[in-house]
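Enquirer: dropping the sequence and predicted coords here.
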Amino acid sequence: MADNAQALSVLLPNKVKHFAQSTEQKSKTDQLDARLLCRLGLERALPAWQPPTPALRQLRVLSRERQSLTQQTVRLKAQRHAYQHSYQPVARTLDRLAARVQLLEQQLKVIGKGLAALLVAEPELARKLAHLTSVPGIGLTTAIVVVAETNGFGLMENERQLASYAGLDVVQRQSGLPAGATRISGRGKVRLRTALYLPAVSSLRVNPQQLAFYARLRARQPSGKPQGVLPVRAIESLAQMQQVFAEVPVLLLDATERPQHRPRAVVDRAADYSGKKKTDA
């Protein structure tokens with residue numbers, strides 16, 4: 001069984017699909033698919049699959065369970081808050097919602113204790129997590145997700161492969177003279193991108209290299225609006241308006257509110273009024 005496990009290779013679904021499209025095979029049956037996979041294994045040098053260790057499997061299960069419970073807790077708290085501020089909420093319903101939130105929070109505490117016990121029992125795993133948390137902006141929760149979803153970096157050979165696995169690799173679209181804007185591919189694991197988003201934002205405050213990289217990206221798009229900055233009003237007061245239009249002898253200010261014209265007949269409203277002014281073709 002161990003020899004068979006060592007002989008397994010990695011077959012990504014998208015690579016198999018593209019390889020099948022490159023052949024002249026049009027039909028699709030189980031026998032033809034098996035022959036296609038055999039041909040792929042003979043023509044390509046596929047990397048060997050390394051099964052995760054029991055500790056990494058347990059870490060991945062606990063990490064995904066905690067992510068799922070956290071999402072449920074946030075959703076349930078928002079539901080309870082909305083219902084609590086609704087018209088005449090039922091007290092028993094609020095109590096049941098509070099009990100469900102409390103149950104999820106208790107389960108999250110149990111999962112946290114299980115993760116702590118796992119790190120105590122696995123010193124090598126704890127060493128990898130400590131190495132990741134030494135990076136400014138990355139906490140223990142993010143490090144656990146990264147190690148769990150990458151199988152402890154077992155199949156990663158370089159940083160470019162890791163970025164592609166997370167879907168953070170830059171894709172460029174260009175055909176002829178026009179060139180589109182570069183963007184991330186987004187074809188990797190969503191869990192990794194979700195876990196790395198907030199650490200990337202917080203690293204701008206504590207990591208000078210990240211701040212310099214962000215400044216270079218913003219310099220490439222000078223016409224873009226800065227993040228988190230409200231647009232400045234051209235004229236903020238009546239006195240400023242008089243200064244701007246000092247050469248104008250008379251200023252007329254129209255502050256009346258004009259009602260919107262709507263057809264009286266209900267049948268004609270949908271046809272004659274759509275919220276926008278129609279023009280004849």
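Expert: Cool, the structure landed.
Enquirer: secondary structure element holding residue 214?
Expert: helix 208-220 (DSSP states H and E).
Enquirer: I meant to write residue 205 there.
Expert: In this structure, residue 205 is located in helix 190-206 according to DSSP H and E.
Enquirer: just to revisit the earlier point, who are the packing partners of the helix holding residue 214?
Expert: In this structure, helix 208-220 packs against helix 190-206, with contacts taken as 3 or more Cβ pairs under 8 Å, 6 or more residues apart in numbering; DSSP states H and E. In short, each C-beta sits where N, CA and C put it, glycine included.
Enquirer: tell me which residues in the helix it packs on are buried?
Expert: Within helix 190-206, the residues that qualify as buried by neighbour count (16 or more other Cβ atoms under 10 Å) are 191, 192, 195, 196, 199, 200, 203.
Enquirer: okay, the residues you listed in JSON lines with pLDDT and distance to residue 97 next?
Expert: Shown next, in JSON lines, are the buried residues of helix 190-206 (pLDDT from 0 to 100; distance: Cβ to Cβ, whole Å):
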{"residue": "191", "pLDDT": "91", "distance to residue 97": "28"}
{"residue": "192", "pLDDT": "91", "distance to residue 97": "32"}
{"residue": "195", "pLDDT": "91", "distance to residue 97": "28"}
{"residue": "196", "pLDDT": "89", "distance to residue 97": "32"}
{"residue": "199", "pLDDT": "88", "distance to residue 97": "32"}
{"residue": "200", "pLDDT": "86", "distance to residue 97": "34"}
{"residue": "203", "pLDDT": "84", "distance to residue 97": "36"}
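Enquirer: possible to save the residues you listed as a markdown table with distance to residue 73?
Expert: Below are the buried residues of helix 190-206 laid out as a markdown table (distance: Cβ to Cβ, whole Å):
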| residue | distance to residue 73 |
| --- | --- |
| 191 | 17 |
| 192 | 22 |
| 195 | 17 |
| 196 | 21 |
| 199 | 21 |
| 200 | 24 |
| 203 | 26 |
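Enquirer: which members of the residues you listed define the maximum pairwise distance?
Expert: Distance extremes for these: the farthest pair is 191 and 203 at 19.1 Å, using Cβ to Cβ.
Enquirer: what is the three-state secondary structure of the residue lying farthest from the centre of the chain?
Expert: In the chain, counting by Cα atoms, centre = their mean, residue 249 sits farthest out from the average C-alpha position, at 55.8 Å. For residue 249, the secondary structure call by DSSP: H, G, I helix; E, B strand; the rest coil comes out as coil.
Enquirer: now do residue 155
Expert: Under the three-state scheme (three-state DSSP), the conformation of residue 155 reads as coil.
Enquirer: any idea how far the residue lying closest to it once chain neighbours are set aside is from residue 61?
Expert: The spatial neighbour of residue 155 that comes closest, neighbours along the chain excluded (Cβ to Cβ, 6 or more residues apart in numbering), is residue 50 at 6.4 Å. Going from residue 50 to residue 61 by Cβ to Cβ, to the nearest Å gives 18 Å.
Enquirer: so where's the chain shaky on pLDDT?
Expert: 1-10, 177-180, 221-235, 251-281 (pLDDT under 70).
Enquirer: what residue is smack in the middle of it?
Expert: With distances taken as Cα atoms, centre = their mean, residue 194 lies nearest the centre of the chain, 4.4 Å away.
Enquirer: tell me the contacts of that one?
Expert: Contacts were defined as Cβ atoms under 8 Å, 6 or more residues apart in numbering; by that measure residue 194 touches no other residue.
Enquirer: same thing with residue 195?
Expert: By Cβ under 8 Å, 6+ apart, the residues touching residue 195 are 141, 142, 145, 146, 149.
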